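**Q** Need coordinates for the following:
(one chain, ligands or ions: 1)
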Amino acid sequence: MNDTTVLKKTELSDIPIDYSWSFSDKTIKDTSYITHGYYTYPAKFIPQLAARLIKEHSNENDIVIDPFMGSGTTIVEAIINNRIGIGTDINNIAYLLAKVKTTPIKTAELLQEFSNIEFDLQNRLNGQYDYFLKKALKVVPQKDRIDYWFKPKQKEKLSIIFARILEVKNNDIRNFFLVAFAQILKSCSIWLQKSVKPTRNQNKKIYEPLTLFLNQSKKMIKRHFEFDKILNPKIKQNIDKYRVVKCDDSRNLPCEKNKATLIVTSPPYVTSYEYADLHQLPSLWFGYLSNLAEFRKKFIGSAYKDRERIDLKSSLAEEIVTQLGENKKGREVKNYFADMLETFFEMKRVLKKGGRACIVIGNTQFQGVNILNAEVFQEQFENIEFKTHNIINREIPSKMLPSTRDSETGQFVKANDKNLKLAYPTEYILIMEKL
Ligand SMILES: C[S@@+](CC[C@H](N)C(=O)[O-])C[C@H]1O[C@@H](n2cnc3c(N)ncnc32)[C@H](O)[C@@H]1O
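**A** Next comes the predicted model:
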């Protein structure tokens, strides 16, 4: 039943690798330039890849959309290349990141606020500790779940920092420091540092929250200066016209029909509800996770959602689902292809005739069945009046591998787990054009 040869289709894998799309010469410094370096978001785009697609397939002032914007790489590149950037993501943390990474802030105000926060925190953490702790604990949500991940002293110190950030009056500046806070949480917790899965390590070396927070803020302020320097003044003054980001579903894009020139996106993979778990720490502090189970259901490919029988518009997708059988995995993959098809219809609605959708996607495996995402997506697009403009096969240099996946379960795994299988050492860029 689970014979992988049944579902082998070699057309796309026959496409020779185009090494000019590997960006293997790019250092971490290059990929974290300007605001891209604010936060470590899993499976983030290489900014240079998004920039190249934007420049090759759109012109200045065109609308560029990312329905799965994640930390907002496409949106940042769209606005610094003088396009209008529109994006959605179902995850509140992603929305916060994308917004902060694309929001210009007046330098003097940012520096002044940082200096106030630094002064107050030195005092609160070293002086009237008990008084400020009592006040701070009143604004921390989900206390029991936070206790699961943070040792008591760490939680206290973080609470004082968090409460001070919430006192910042200017929304943009408050959000800026919330991102700095989000970025240090893992190092302050007992979350196994190298793991993307929620795993505890009671013996972990834990860092001093104030030092981490101040250093992270300084790093971000420096990057913000660089961003501010290169952003077109016209866009800076009208940022809400040039950048529209929403915490919403990819099937509900904030764009009128037939208006967009380009879509540049990397969709979630089948087990993408894991994204809900991956962002647990900041989500807990920010009160986004009152109901984790409900939150998971919103993610593309969630097996928790029941749906009517649906035409997947791909015979290959039907074949893959049949191979997996009537179980949770089969249901998950079917929901995934159905959810993605609905997103492709939404892309069709917003794109102009001749507009292009660039989808960066790799194939994976479940229980020995090849999940040929790229082939399925191409077939689905072609069945809803798109034509294939180009398909690029790109290698992902190992240092940039977004993650590794278990070959049995398809879930994120540690590098030394037994069923280790590199999830997408190569991936495709499908460039589909609306007819
Ligand atoms: C591969 S990541 C995108 C990363 C992004 N390219 C970046 O550079 O940060 C896929 C994203 O899809 C989002 N996602 C999952 N289900 C979604 C849905 N129903 N609507 C919108 N976004 C969704 C996840 O939260 C995740 O951020």
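
**Q** and His36, what does it touch?
**A** 44, 47, 73, 76, 101, 223 (CB atoms under 8 Å, 6 or more residues apart in numbering). All C-beta atoms are positioned from the backbone trio N, CA, C, and that covers glycine.

**Q** Is it possible to get TSV of those that adds secondary structure, neighbour count and distance to Pro268?
**A** Formatted as TSV, those follow (DSSP: H, G, I helix; E, B strand; the rest coil; neighbours: other CB atoms under 10 Å; distance: CB to CB, whole Å):
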residue	secondary structure	neighbour count	distance to Pro268
Lys44	coil	20	13
Pro47	helix	23	19
Thr73	helix	29	15
Val76	helix	28	20
Lys101	helix	29	19
Arg223	helix	18	26
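
**Q** Restrict those residues to those that also contact the ligand, please.
**A** Among the contacts of His36, the residues that sit close to the ligand (CB under 6 Å from any ligand atom) are 44, 73.

**Q** was I right about Ile391 contacting Glu433?
**A** No. Using CB atoms under 8 Å, Ile391 is not in contact with Glu433; the gap is 12.0 Å.

**Q** Could you check which residue of the protein lies nearest the ligand?
**A** Gly70 (2.5 Å; CB to the nearest ligand atom).

**Q** Spatially nearest residue to Asn82, not counting backbone neighbours?
**A** In space, and not counting its chain neighbours, Asn82 is closest to Glu60: 4.3 Å by CB to CB, 6 or more residues apart in numbering.

**Q** so where does that neighbour fall, helix or strand?
**A** Using DSSP states H and E, Glu60 falls within no helix or strand.

**Q** May I ask which of the contacts of His36 comes out lowest in pLDDT?
**A** Lowest pLDDT of the contacts of His36: Lys44, 88.

**Q** what's the distance between that residue and Phe68?
**A** 12 Å (CB to CB, to the nearest Å).

**Q** Kindly report the same for Pro42.
**A** For Pro42, the distance to Phe68 - CB to CB - is 13 Å.

**Q** Check Ala108 too.
**A** 36 Å.

**Q** And those two? Which one has more around it.
**A** Per other CB atoms under 10 Å, whichever of Ala108 and Phe68 has more neighbours is Phe68, with 23 against 8.

**Q** any idea how far the more buried one is from Ser250?
**A** From Phe68 to Ser250 the distance is 6 Å (CB to CB).

**Q** what sits in contact with each of the two?
**A** Common neighbours of Phe68 and Ser250 (CB under 8 Å, 6+ apart) are 88, 267, 300.

**Q** Not counting sequence-adjacent ones, nearest residue to the second one?
**A** Right, the one you point to is Pro267. That would be Phe68: by CB to CB, 6+ apart, it lies 5.2 Å from Pro267.

**Q** tally of neighbours for the residue nearest to Asn82?
**A** Counted with other CB under 10 Å, Glu60 comes out at 10.

**Q** Please report how far it lies from Lys205.
**A** 48 Å.

**Q** to the chain's geometric centre, what's the distance from the helix or strand harbouring Arg296?
**A** Following DSSP H and E, the helix or strand that holds Arg296 is helix 292-297. Here helix 292-297 is found 17 Å from its chain centre; the criterion is CA atoms, centre = their mean, to the nearest Å.

**Q** That helix and the ligand in contact?
**A** No. Interface with the ligand: helix 292-297 contributes nothing (CB under 6 Å from any ligand atom), its closest point being 9.8 Å away.

**Q** Counting by contacts, list what that helix packs against.
**A** On a contact count with 3 or more CB pairs under 8 Å, 6 or more residues apart in numbering; DSSP states H and E, helix 292-297 meets helix 274-278.

**Q** Touching the very next helix or strand once past the helix it packs on from outside, list them.
**A** Scanning forward in sequence from helix 274-278 by DSSP H and E, the next helix or strand is helix 280-285. With contact meaning CB under 8 Å, 6+ apart, helix 280-285 is reached by 92-93, 140-142, 145-146, 149, 158, 162, 181-182, 185-186, 189, 191, 198, 276, 288-289, 292.

**Q** Make a ChimeraX selection of whichever of these turn out to be buried.
**A** Listed next is the ChimeraX selection for buried residues among these, using 16 or more other CB atoms under 10 Å:
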select :92,93,140,142,145,146,149,158,162,181,182,185,186,189,191,276,288,289
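
**Q** returning to what we had before: so the residue nearest to Pro267 belongs to a strand, correct?
**A** No. Applying DSSP: H, G, I helix; E, B strand; the rest coil, one finds Phe68 to be coil, outside a strand.

**Q** The chain should start at 34 in everything you say after this.
**A** Understood, numbering begins at 34; the last thing we discussed is Phe101.

**Q** mind listing what it touches?
**A** By CB under 8 Å, 6+ apart, the neighbours of Phe101 are 121-122, 283, 298-301, 333.

**Q** Show me where this protein has its strands.
**A** 96-99, 117-122, 276-280, 293-298, 384-394, 397-399, 402-404, 419-428, 437-439, 453-455, 459-467 (DSSP state E).

**Q** weakest of those by average pLDDT?
**A** What stands lowest among the strands of the chain, in mean pLDDT terms, is strand 453-455, with a mean of 47.

**Q** burial count for Lys361?
**A** 10.

**Q** Can you report phi and psi for the most centrally placed residue in the chain?
**A** Centroid-nearest residue in the chain: Gly103, 2.6 Å away (criterion: CA atoms, centre = their mean). When read as degrees, to the nearest 10, the backbone of Gly103 gives phi 50, psi -130.
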